[in-house]
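Novice: Fold the following.
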Amino acid sequence: MSNAEHTFRLAGSVGVAMVTPFCPDGSVDYDAAGNLAKHLVEQGINNLVLSGTTGESPTTHLDEKEQLIKVVRQAVGGDIFITAGAGSNDTEHSVRMARSAQEAGADGILLVSPYYSRPSQEGLYQHFAKVASQVDLPITLYDIPGRTGVAISDELLKRLAEIENVVALKDATGKVAVGARRINETGLAFYSGDDGLNYSWLTHGAVGVISVVGHVAGDRYRKMVQLLENGDYHAALQLSLELEPLVKALMGGGQGAVMAKHALALQQVIPSATVRLPLAPATEEEITQLRVALERFGLL
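Specialist: This is a model prediction of the structure:
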């Protein structure tokens with residue numbers, strides 16, 4: 001069994017980039033985080049991605065990230081895969097976060113390309129390789145050039161795939177056909193990082209999804225995966241088309257972390273939709289549109 005296959009069997013196929021609940025005063029609400037994690041698992045999620053961008057990683061601190069892992073692990077037990085974000089444009093900071101996550105009990109690390117600095121491909125390689133060398137956990141790379149300003153090239157991805165514990169890629173490039181070729185060339189386990197393309201990725205070789213919309217539709221994405229595993233492509237496509245309004249409500253106009261928190265607050269899964277600046281709450285119009293979409297799906 002390859003490293004990628006082993007990681008996939010551990011991590012499973014339906015992941016959520018989990019929000020980090022805050023109290024109204026802006027402090028981390030650890031009780032709400034534990035309850036949210038249990039709720040997501042009950043909806044069919046088997047990979048909880050903590051402290052990614054949707055978890056407001058740029059504005060949460062190392063001790064908060066570490067405590068979040070411990071709380072979620074206590075809440076969901078040892079059978080659920082926990083992936084911890086350790087992305088930064090400071091390599092030594094990424095190393096500290098990755099080591100801290102491993103010590104706190106995470107099962108894997110998510111590493112986004114260093115943002116804003118726009119390093120060269122060699123700089124990207126050295127960044128990822130340095131972090132990977134400092135932990136024993138499987139590494140999922142995260143390619144999202146629309147946010148980071150730099151893309152992982154074909155040549156770089158092949159080099160990175162040769163690192164023993166680099167086993168997966170979360171792809172938010174929007175280039176599904178390119179991704180299918182890269183899966184074949186690298187042997188990495190690919191995860192869809194774009195809810196609007198989940199069906200397309202899953203039918204082009206991806207092993208699973210890491211979703212934001214899964215906060216409220218985890219059971220539906222679980223069903224989509226099962227339909228595809230059973231060869232029922234038509235039913236899976238119809239489910240994907242049905243989910244489009246919900247994807248648009250959470251991801252179309254607003255910011256994913258903001259809208260996911262409002263959705264969970266409307267469902268009374270978390271007590272507050274508080275975010276930390278520079279994120280700001282959704283507008284009344286956005287919340288109204290979100291409420292309509294949730295009601296349409298019977299989620300309120």
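Novice: can you pull out the strands in the stretch 1-150 of the chain?
Specialist: Here the stretch 1-150 of the chain has its strands, by DSSP state E, counting those that start in this stretch, at 14-17, 47-50, 81-85, 108-112, 139-143.
Novice: In the helix or strand hosting residue 288, which residues are buried?
Specialist: Using DSSP states H and E, residue 288 sits within helix 284-296. Buried residues in helix 284-296, counted by 16 or more other Cβ atoms under 10 Å: 286, 287, 289, 290, 291, 293, 294. Any C-beta I mention is one placed from the backbone N, CA and C, and that applies to glycine too.
Novice: how close does the second one sit to residue 265?
Specialist: If I follow you right, that is residue 287. In this structure, residue 287 and residue 265 are 9 Å apart, going by Cβ to Cβ, to the nearest Å.
Novice: Over to the third one?
Specialist: For residue 289, the distance to residue 265 under the criterion Cβ to Cβ works out to 15 Å.
Novice: show me what contacts residue 201?
Specialist: Residues in contact with residue 201, defined by Cβ atoms under 8 Å, 6 or more residues apart in numbering, are 171, 176, 179, 190, 191, 192, 194, 209.
Novice: SS state for it?
Specialist: When classified by DSSP: H, G, I helix; E, B strand; the rest coil, residue 201 comes out as helix.
Novice: picking up where we left off before, which of the contacts of residue 201 fall in helices?
Specialist: Within the contacts of residue 201, residues falling in helices by DSSP state H are 176, 179.
Novice: of all the contacts of residue 201, which comes closest to residue 259?
Specialist: Of all the contacts of residue 201, residue 259 sits closest to residue 194, with 15.1 Å by Cβ to Cβ.
Novice: quick one: the nearest residue to the closest one once chain neighbours are set aside and residue 198, what's the gap?
Specialist: Nearest residue to residue 194, sequence neighbours excluded (Cβ to Cβ, 6 or more residues apart in numbering): residue 172, at 5.2 Å. According to Cβ to Cβ, residue 172 stands 12 Å off from residue 198.
Novice: do the same with residue 267
Specialist: Residue 267 sits at a distance of 21 Å from residue 198 (criterion: Cβ to Cβ).
Novice: Might you report the residue contacts of residue 54?
Specialist: Contacts of residue 54 by Cβ under 8 Å, 6+ apart are 17, 18, 19, 212, 256, 257, 260.
Novice: what's the pLDDT at it?
Specialist: Note for residue 54: predicted pLDDT of 97.
Novice: Residue 51 now?
Specialist: pLDDT at residue 51 comes out at 98.
Novice: hang on, it packs against residue 20?
Specialist: Yes. Residue 51 is within contact range of residue 20, at 7.1 Å (criterion: Cβ atoms under 8 Å).
Novice: Overlap in contacts, the two.
Specialist: Common neighbours of residue 51 and residue 20 (Cβ under 8 Å, 6+ apart) are 60, 68.
Novice: What is the neighbour count of residue 216?
Specialist: Counted with other Cβ atoms under 10 Å, the neighbours of residue 216 add up to 28.
Novice: show me what contacts it?
Specialist: 246, 250, 260, 263, 264, 267, 294, 297, 299.
Novice: For residue 272, grab phi and psi.
Specialist: Dihedral angles phi and psi of residue 272 (degrees, to the nearest 10) take the values phi -150, psi 140.
Novice: cool, and the one 5 residues further on?
Specialist: The phi/psi pair for residue 277 (degrees, to the nearest 10) reads phi -60, psi 140.
Novice: what's the neighbour count on the residue nearest to it when sequence neighbours are not counted?
Specialist: Leaving aside its sequence neighbours, residue 277 sits nearest to residue 59 (Cβ to Cβ, 6+ apart; 7.4 Å). Neighbour count for residue 59, taken as other Cβ under 10 Å: 15.
Novice: One more: the one 3 residues further on?
Specialist: Residue crowding around residue 62 was assessed by other Cβ under 10 Å; the count is 13.
Novice: Helix 284-296 and the lengthiest helix in the chain, what's the angle between them?
Specialist: In the chain, taking DSSP H as the definition, the longest helix is helix 233-251. Between helix 233-251 and helix 284-296, the angle comes out at 150 degrees (axes from the mean of the first three to the mean of the last three Cα atoms, to 10 degrees).
Novice: Using PDB, write out every CA atom in the following helix or strand past helix 233-251.
Specialist: Next helix or strand after helix 233-251 toward the C-terminus (DSSP H and E): helix 256-266. In PDB, the C-alpha atoms belonging to helix 256-266 read as follows (Å, rounded to 0.1, in the frame of the first residue of the first chain):
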ATOM      1  CA  GLY A 256     -16.600  31.000   3.700                       C
ATOM      2  CA  ALA A 257     -15.600  31.200   7.400                       C
ATOM      3  CA  VAL A 258     -18.100  34.000   8.000                       C
ATOM      4  CA  MET A 259     -21.000  32.300   6.200                       C
ATOM      5  CA  ALA A 260     -20.400  28.900   7.700                       C
ATOM      6  CA  LYS A 261     -20.500  30.400  11.200                       C
ATOM      7  CA  HIS A 262     -23.700  32.200  10.500                       C
ATOM      8  CA  ALA A 263     -25.200  29.000   9.100                       C
ATOM      9  CA  LEU A 264     -24.200  27.100  12.300                       C
ATOM     10  CA  ALA A 265     -25.500  29.900  14.500                       C
ATOM     11  CA  LEU A 266     -28.900  29.900  12.600                       C
END
